[in-house]
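S.K.: from the sequence below, what's the structure:
(chains A and B)
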Amino acid sequence: MPAEEMGKLSDRTPLIFAVSSVVFLAVLAISPVKDFRREWKQYKRSYVRFAQTRPDTKKLLADYRPDIDQIWLPGMNVVDRCTTCHQGITQASLSDNAVPQPFRAHPRIPHNIRDWGCTVCHRGQGPATEVAEAHESTLAWEQPILPTRFIQASCGACHYADLPQTPQLTKGRELLAELNCQGCHRLPGIERPAMLGPDLTNVGTKVSREWIYKWLKEPRTILDKDGNVTVNGYETEEEPRMPKFRLTETELRGLSGYLSVQKAKAFVPYKIDARVVAAWSKNPELISQGELRFRQMFCSTCHSLAVTRAGETKLIGGDIGPELTKVGSKVNFDWLITWLRDPQGYLPHTRMPRYGWSDEDLYKVTQYIATKLADSDLLVNVPQLGQPTEDEIQLGRRLFLEKGCASCHVIEGLNPQRDFGPDLSAIGGKNASELEFGAAKIPHNLVSYIQAKLQDPVSVNPAARMPQYNWNQADLDAITTALLSMKGPLPSSALQDLVVPRKEVAFHPTGAFAEVYERYKCYTCHKFNGYGGDLAPDLTYEGSRAQRQWIVDFLKNPQTLRPTLILRMPQFNMSDKDAATLADYMTMVLQHPAANPAAIDARQLTPAMAALGKQLYEVKYQCQSCHTIGASGGYVGPNLNNAGGWLTPAWVEAWLRNPQALIPDTIEPRRNFTEDEVRALTAYLMTLRQTIKPQKTTGAAASHTPTHGAGR
Amino acid sequence: MRLRIWMTALSMTLAGVSGCRKHAEVVKSDPLLAAYDTEADWTDAQHIVPLSYRQAQGKRIFYQQCVWCHADATPAGPSNRSNLTPVPPLLNDGATLNAESDEYMQNIITLGGSAVGKSAMMPPYGRMLSAEEISSVIAFTRAIAQPPYQPPARAGSQYSAK
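M.R.: Here you go, the predicted model:
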C-alpha cells in the first residue's frame, strides 16, 4: 500500500469511529425505546391518563400498579396476566358500559376474580402480554378467547346442574336432550330416555310405504309461506325431532320398503259396538260431535293442529306429541282405534296416556280425525311404490343401520351400531389443530367449527352421516353453548373438586297408585319430587294443598283454574276407582311438613275475620290484579272462585306467609302480612265456594259451544 | 463506505420497525358477540339490543315475574295488562320510565306501588328478590327503553380514554 493512501486511511479513521459509535449508540437505544413502547406499557399509561378524567381519580391511582400483574393459581393451571391491561375490572365505578375496554369493570358474578383467574372462563392465553397473543388463536397457542355470547358454556364446565343465571346453556342442554342427539353421540349429563324415536317394530301396521317415503324425504309437514315451521302459535320455529336425512331415490325406496314390512306383532282390530255405529253413522252431527270431544278431552295440550288465520298458518297446541293436522291421511284407521284405546300396548314407552274411552266417544273422535284431520293430497307427490322387492328390503335393512336410524329407533331383533356418531364428551375443549376443517371456508376456531357442523354437516365433511337440521340463530347459539361446555374430565383434581353435579331426581311410587300414575302418564306434565314435566303444576305437595274431595272431582272433570291457558289437563274419563286411588295417595303421601291440613280447624275462622280479609283482599292488597273472583280480576294466578272448596286452610296460611317455601319457583311475591292478616285472608278465601256442574259427556253436550281449545 | 450505508440502513430499519408497532387502541368487537344475551327491540324486531351480564339477569327476572302485567304478550299468551286500571306502563315505555330515577324504581319494586303513592296493584318484591336482582331489572328496563334512556350526566362520565 502506498504511503499516500495509508495517510488517507488514517485521516478517515476518526470519522469512521465517530460514525460507528453513533450508530452503535443508536442501536443500543432501540432496546429501551422498544421496551418503553411495549403494548402492555402503553395500556398502563393510557389507564393513568384515563383515571385522571374520572371523578374518583385518587382511588383509581391508589390501586394502580405500573408493572405486570399476574394471577397465579397453581392448582388450576392458571397464569393469567390479563389484569395487566384490564386494570379496572374490580373497580365498581368503572362498570358503566360507556367505559372503554380494556378498562371496564367485570360484572358482579358469584366468583372472585383473584380466586379463579380469567382464562378458566374466558379462555385465551393467560401468560401473554400482547393483545393478539392473548385473545386470538395463533399457531403457537391453543385457544382463542371465547366470545361473550357463548360464555355461559364456561359455567357449564363445572356446573353440571342447571343454573338460573345461564338460560342459554340450559336451553342448549334441553335441545340436546329433546332432539335425541344422545342417540348417536356420547353426551355426558344429557339424559337418555327409555325410548328416543318411536319403536318401529310394528310400523308397517301403522302407516303405508308411501307415507314413510314422504316422511323420510321431508319430515316437516307444516310450512308457512316463508318455509318455516311455527309451533304453539308463536313465530318461533321449533325444530321437529326427526331431522332430514339426505337420501337418494334408491335409498328412499329401500328404507320405505324395509319399514313397511315391519309387522312383527299384528294388532287385533277393535270392533266398535255395532249399535253405536248404527246410531251415529247417519247422524249429521257426528263429525262436529267428534271435534267437540276432541277439544273437551284436551288433545291439544300435547298435540298441535295447523290453524290458518289471516293468511298465516300456525300450529296451535302442545308439542309433547306429534302435530296431528293430517294424521287421518297418515295412519291406518283400524290402527288408530286400537292405538287410542291402548297406546302403551303398541309403544310401551310412549308418553300418551290411556284414556277411558266409551265406544261412542271413540267412534265420534276417530270419525272426526279420519274426515277433518286429513288431506287427500298428502301423498300426491309420492310415486306408487307397491310391494317392496326382496332386494329393496335388504337394502333398507342395511341402510337402517348404516344411516343411523337404528340409533334412535328400535326394531326388535336388530342390533344398532354402538357409539354411531363421534364421542362429544370433550368437544368443548378441543384445540383448533385437532379439528378437521376440510374445504370449509370458515375461521379456524372451535366455535365456527361447531356452528358450521350443526348448520350444514356436509360443508365441513362431505361424507358426514349427520342429518340436516334447520336451526334458528337462538337455538344454534344455545346448542353451541351446551357443546362448548362439555370439556371432558377437568385437567386437575383441584378443578375436579369444584364440579357441581347434576342432581339425580327420581320418583318411584309403588302399589295401586303407581299403576294408575303410569297409565295416565301424570309425570309427562306434572312434577313429583322434582321428577317429571313442567307443563302443569308441581304436585309434590298436592296433598297439603287440595282437599281430597276436590281432587276426586277435578280428576273426573278437570275444570280450568287458569282460564287463559290453551294447554290444559285432559279429560281422561277416569273411573271412580282410579280417581279415589290417586286422591288417597296424594292426601296420604304428597304432604308438606309445614302445611299439615289437620293443624288448622276451619271452624276457628270467624265471619268477622272473613269480612276483614275481604277488605284486605280488595282494598289494601288488591289481590284482584292477578286473581279472579266471580267475573272480575286478573288472570296471572289461578282463579279463587272455589278457594274454599279447593284449598286447605293450612296450605293457604303457609302460602300467604311464604309461597316460595312451598313451591320454590312460584311467581307469587312473598308479602309482609301480619299474622292477623294471614288469618283474615285465609278466613275470607275459605268462604269462597262454587259448585261446578259436571260436564256432560254424552249427546247433551251438543248444546255446549266449546269456548277454549285448539284454534280458538 | 458501504459498511456505513449498511449500518445506517440497519439502524433506520430497526427504529422504524419498533416505531411502527401498533398503538394501544380501544378494542372494538362485534357488539352481539360481546353480549351476554340479546333482546329484540319491542318496537322494532329487526333491531337487536345487546345485553350485558347484569341486564341479562334483569331480562330473566322480568320474564319470570314482571312480564304478566308490563308487556302485551306473555309466555302464556295473553297479557294481564289490559285487565288492570290504572294500566301499568310497558317496560320499554321510555316516555314514562326514563324520567324516573333508579332510586325511585328500586323503591317501587321493593316496597310496592302503595308505598310510593301509586296503585296497590303493584306488589312489593323486596322479600322475594334481592336488591341486586331488582337493580338488574332496572338495568334491563333502561336497555330496552324507547325512546332510549340517557343516564343523568355525572361529572367526568362523558370523558373516555384518549
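S.K.: please make it C-alpha for all contacts and neighbour counts, starting now.
M.R.: Will do.
S.K.: the residue sitting nearest the centre point of chain B: what's it in contact with?
M.R.: Centroid-nearest residue in chain B, with C-alpha atoms, centre = their mean: B:Ala143, separated by 3.7 Å. Counting by C-alpha atoms under 8 Å, 6 or more residues apart in numbering or on different chains, B:Ala143 touches B:49, B:51, B:55, B:149.
S.K.: by neighbours, which of these wins?
M.R.: Taking other C-alpha atoms under 10 Å in any protein chain shown as the neighbour criterion, B:Gln55 ranks highest of the contacts of B:Ala143 with 27 neighbours.
S.K.: so what pLDDT did it get?
M.R.: The confidence metric pLDDT takes the value 93 at B:Gln55.
S.K.: excluding chain neighbours, what is closest to it?
M.R.: B:Phe140 (4.4 Å; C-alpha to C-alpha, 6 or more residues apart in numbering or on different chains).
S.K.: hang on, the earlier thing: now, the contacts of B:Ala143 that are in strands?
M.R.: Residues of the contacts of B:Ala143 located in strands (DSSP state E): B:49, B:51.
S.K.: possible to save the contacts of B:Ala143 as CSV with distance to A:Pro462?
M.R.: Listed next are these as CSV, based on distance: C-alpha to C-alpha, whole Å:
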residue, distance to A:Pro462
B:Val49, 37
B:Leu51, 37
B:Gln55, 42
B:Tyr149, 50
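S.K.: next one: the helix or strand in which the residue nearest to B:Gln55 is found to chain centre, how far?
M.R.: Per DSSP states H and E, B:Phe140 falls inside helix B:131-144. Centroid separation for helix B:131-144 versus its chain: 8 Å, with C-alpha atoms, centre = their mean, to the nearest Å.
S.K.: now do stretch A:209-220
M.R.: 27 Å.
S.K.: with stretch A:152-164 instead?
M.R.: Mean-position distance between stretch A:152-164 and its chain equals 15 Å (C-alpha atoms, centre = their mean).
S.K.: and for stretch A:82-97?
M.R.: Its chain's C-alpha centre and that of stretch A:82-97 lie 35 Å apart, by C-alpha atoms, centre = their mean.
S.K.: so who does A:Pro537 touch?
M.R.: A:526-527.
S.K.: distance of it relative to chain B?
M.R.: A:Pro537 is 14 Å from chain B, where distance means C-alpha to the nearest C-alpha, to the nearest Å.
S.K.: now swap in A:Gln591 and tell me
M.R.: 24 Å.
S.K.: quick check: the residue nearest to B:Gln55 touching B:Lys59?
M.R.: Yes: proximity of B:Phe140 to B:Lys59 meets the contact threshold set by C-alpha atoms under 8 Å, at 5.8 Å.
S.K.: what's the closest non-adjacent residue to A:Ala598?
M.R.: Once flanking residues are discounted, A:Ala598 sits nearest to A:Ala650: 7.7 Å by C-alpha to C-alpha, 6+ apart.
S.K.: so what's the one you found up against?
M.R.: By C-alpha under 8 Å, 6+ apart, A:Ala650 lies in contact with A:544, A:595-600.
S.K.: since we're on the residue nearest to B:Gln55, how many residues are nearby?
M.R.: By other C-alpha under 10 Å, 26 other residues sit near B:Phe140.
S.K.: please enumerate the helices of the stretch 201-350 of chain A.
M.R.: Ranges of helices in the stretch 201-350 of chain A, per DSSP state H, counting those that start in this stretch, are A:209-217, A:249-260, A:274-280, A:286-296, A:333-341, A:343-346.
S.K.: to chain B, which of those helices lies closest?
M.R.: Between chain B and those, the shortest separation by C-alpha to the nearest C-alpha is 18.6 Å, and it involves helix A:286-296.
S.K.: around chain B, which positions in the stretch 151-300 of chain A sit nearby?
M.R.: Taking C-alpha under 8 Å from any C-alpha of the partner chain as the contact definition, the stretch 151-300 of chain A meets chain B at A:151, A:165, A:167.
S.K.: mind running it again at 7 Å?
M.R.: Proximity of the stretch 151-300 of chain A to chain B, by C-alpha under 7 Å from any C-alpha of the partner chain, involves residues A:Gln165.
S.K.: low-confidence stretches in the stretch 151-300 of chain A?
M.R.: Scanning the stretch 151-300 of chain A for pLDDT under 70 picks out the ranges A:220-240.
S.K.: what do you get for chain B?
M.R.: Along chain B, segments meeting pLDDT under 70 span B:1-29, B:153-162.
S.K.: just put the helices of the stretch 201-350 of chain A in a markdown table and tack on mean neighbour count.
M.R.: What follows is these, written out as a markdown table (neighbours: other C-alpha atoms under 10 Å in any protein chain shown):
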| stretch | mean neighbour count |
| --- | --- |
| helix A:209-217 | 21 |
| helix A:249-260 | 23 |
| helix A:274-280 | 13 |
| helix A:286-296 | 21 |
| helix A:333-341 | 19 |
| helix A:343-346 | 18 |
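S.K.: and those as JSON lines, adding distance to A:Gln571?
M.R.: Formatted as JSON lines, these follow (distance: least, C-alpha to C-alpha, whole Å):
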{"stretch": "helix A:209-217", "distance to A:Gln571": "31"}
{"stretch": "helix A:249-260", "distance to A:Gln571": "34"}
{"stretch": "helix A:274-280", "distance to A:Gln571": "21"}
{"stretch": "helix A:286-296", "distance to A:Gln571": "7"}
{"stretch": "helix A:333-341", "distance to A:Gln571": "14"}
{"stretch": "helix A:343-346", "distance to A:Gln571": "16"}
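S.K.: what's the closest of these to A:Thr691?
M.R.: Among the helices of the stretch 201-350 of chain A, helix A:286-296 comes nearest to A:Thr691, with 19.6 Å by C-alpha to C-alpha.
S.K.: by contact count, what packs against the closest one?
M.R.: Judged by 3 or more C-alpha pairs under 7 Å, 6 or more residues apart in numbering or on different chains; DSSP states H and E, helix A:286-296 is in contact with helix A:359-372.
S.K.: just how off-centre is the helix it packs on within its chain?
M.R.: Relative to the chain's own centre, helix A:359-372 is displaced by 34 Å; criterion: C-alpha atoms, centre = their mean.
S.K.: buried stuff in that helix?
M.R.: A:359-370, A:372 (16 or more other C-alpha atoms under 10 Å in any protein chain shown).
S.K.: I'd like the average pLDDT over that helix.
M.R.: Here helix A:359-372 scores 94 as its mean pLDDT.
S.K.: now do it: which elements does it pack against?
M.R.: Against helix A:359-372 (3+ C-alpha pairs under 7 Å, 6+ apart) you get helix A:286-296.
S.K.: quick one, the helix it packs on and helix A:359-372 angle?
M.R.: Put simply, helix A:286-296 runs at 100 degrees to helix A:359-372, going by axes from the mean of the first three to the mean of the last three C-alpha atoms, to 10 degrees.
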